[in-house]
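**Student:** Give the three-dimensional model of this entry:
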Amino acid sequence: MSRRRRTFTAVVVTSFSSLLVLTASVAAQSENRDLIDGLEYQLLYVALPLTLFVLVILIYAAVKFHDNDDPQPTTEDPALEITWTAATAIILLFVGLSGYSVLVSPYVSPSQALDADDRSQGEIGSFEDLPDTGDEEIHVRGYQWEWQATYPESNATTEDEIVIPADRNVTVWLTSDDVVHSLFVPDLAVKQDAFPGRYTRARTIVSEPGRYDAVCAEFCGAGHSRMDAAIVVVEPDTYDQWLAETDGENVTEPPEPN
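**Tutor:** Numbers count the residues shown, from 1 in each chain. Have a look, this model is predicted:
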C-alpha cells in the first residue's frame, strides 16, 4: 500500500476514534439528556464499525482493481444476498427498538397537549384546571418576546428565568398568549412547543445545579432572536426556602445555584 493510502486510512481511523472519545466525555446533566445521549451512543457504536467496514472494502477495491482493463460483473451469490438482507433487517430492528425505548420515556414524550375545551379532562381554562402530575410543577407562559414562570406553591413569578430544584421530577406546563413559541434547553435536552389556547407538558429531572441557557426554537416574529431565558437549577432546600420567602412576589433576582 502506498504512503498516501496508508495516511488516508490512518486519518479515517483516528477521526472516528477521536469522535468516540469526545462524545463519551460529555456528562449528562438531566435524565432527558442521558436518554438521548445513550441512544446516540448505541447508534454510533453500530454505525462506526459498519462505516469502517465499508471504507475498508472501498479502499481494497480501489487498490486491487484500479488498473483492471477488463472488468467483469459480479456473479450471482444467493447466500451472500440473503446474508446482507438479513443483516440489514437486524440492524434496522435494533435501531427501531432502541429509538422506541427512548421515545416512550415520560421524560422524552410526556402527556400530549391539552386543549382549553378538552371535555375529557374537564374544562381547562387556566393553569389551575390542569391535572395533577405529582411532580414539582411550574407554569410557563410565552409571549412576544419573553417567558413568564409562575410557581403554584407560592404564586411567585419570574421573567425570563425559570427556577427548578435539582434531583426532583419537574413538570413545566407551557402555553402561549399570542403565537406559537418553543422552549428549548439544549444542555438539558428539553424542548416543548407552547401553543395559544393549549397546554403542553415538558418533564425533566436535573442532577447538576447551575444556569442553563434556554431559547425559543419556533420563529415568532421580529424579536424571536431576543427571546431567550435561563433555567436556574438550585438545591432542593434552597428552592423550598426561596418559595417560602417569595409568596406572591414578582421576583427580579432568583436564587443563585449553589
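**Student:** what's the first-to-last distance across stretch 182-195?
**Tutor:** 8 Å (C-alpha to C-alpha, to the nearest Å).
**Student:** Could I get the buried residue list for that stretch?
**Tutor:** For stretch 182-195, the neighbour count (16 or more other C-beta atoms under 10 Å) marks 182-185, 187-195 as buried. Using the backbone N, CA and C atoms, a C-beta is placed for each residue, glycine as well.
**Student:** can you give me the strands for the stretch 51-200 of the chain?
**Tutor:** 114-115, 136-143, 146-151, 156-159, 161-165, 170-176, 181-185, 190-194, 198-204 (DSSP state E, counting those that start in this stretch).
**Student:** Out of the ones you listed, which gets the lowest mean score?
**Tutor:** Among these, strand 114-115 has the lowest mean pLDDT, at a mean of 58.
**Student:** From Asp177, how far off is Asp228?
**Tutor:** 18 Å (C-beta to C-beta, to the nearest Å).
**Student:** likewise Val46?
**Tutor:** 45 Å.
**Student:** give me every residue that touches Leu183.
**Tutor:** 140, 142, 147, 172, 174, 190-192, 194, 202, 214, 216-217, 229 (C-beta atoms under 8 Å, 6 or more residues apart in numbering).
**Student:** and which of those is nearest to Thr133?
**Tutor:** Val172 (10.3 Å; C-beta to C-beta).
**Student:** show me where pLDDT drops low in the chain?
**Tutor:** Judged by pLDDT under 70, the chain has its weakly predicted residues at 1-28, 111-125, 252, 258.
**Student:** Domain-wise, how is it divided?
**Tutor:** Structural domains annotated on the chain: 3-64+78-103, 114-251, as defined by automatic domain parsing.
**Student:** ranking those by burial, who's on top?
**Tutor:** Of the domains of the chain, the one with the most neighbours on average (mean count of other C-beta atoms under 10 Å) is domain 114-251, at a mean of 18.
**Student:** From what I see, Thr158 and Gln148 are in contact.
**Tutor:** Yes: checked against C-beta atoms under 8 Å, the pair Thr158 and Gln148 is within contact range at 7.4 Å.
**Student:** any idea how far Glu159 lies from Lys64?
**Tutor:** In terms of C-beta to C-beta, Glu159 sits 67 Å off from Lys64.
**Student:** oh, I was asking about Ser182
**Tutor:** For Ser182, the distance to Lys64 - C-beta to C-beta - is 52 Å.
**Student:** Kindly report the same for Val170.
**Tutor:** For Val170 relative to Lys64 (C-beta to C-beta), the value is 59 Å.
**Student:** same thing with Leu188?
**Tutor:** For Leu188 relative to Lys64 (C-beta to C-beta), the value is 50 Å.
**Student:** now do Thr51
**Tutor:** Distance from Thr51 to Lys64, by C-beta to C-beta: 20 Å.
**Student:** What ranges does the chain have for its helices?
**Tutor:** With helices called from DSSP state H, the chain shows them at 3-24, 31-65, 78-103, 236-245.
**Student:** mind putting those in CSV, distance to Ser207 included?
**Tutor:** Compiled in CSV, the helices of the chain are given as follows (distance: least, C-beta to C-beta, whole Å):
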stretch, distance to Ser207
helix 3-24, 18
helix 31-65, 8
helix 78-103, 18
helix 236-245, 12
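**Student:** closest to Leu130 out of those helices?
**Tutor:** Here helix 236-245 is closest among these (C-beta to C-beta), at 18.9 Å.
**Student:** Can you list the helices and strands that that closest one packs against?
**Tutor:** strand 161-165 (3 or more C-beta pairs under 8 Å, 6 or more residues apart in numbering; DSSP states H and E).
**Student:** what does the strand it packs on rub up against?
**Tutor:** 136, 138, 140, 147, 149, 151, 170, 172, 204, 206, 214, 229-236, 238-240, 242, 254-255.
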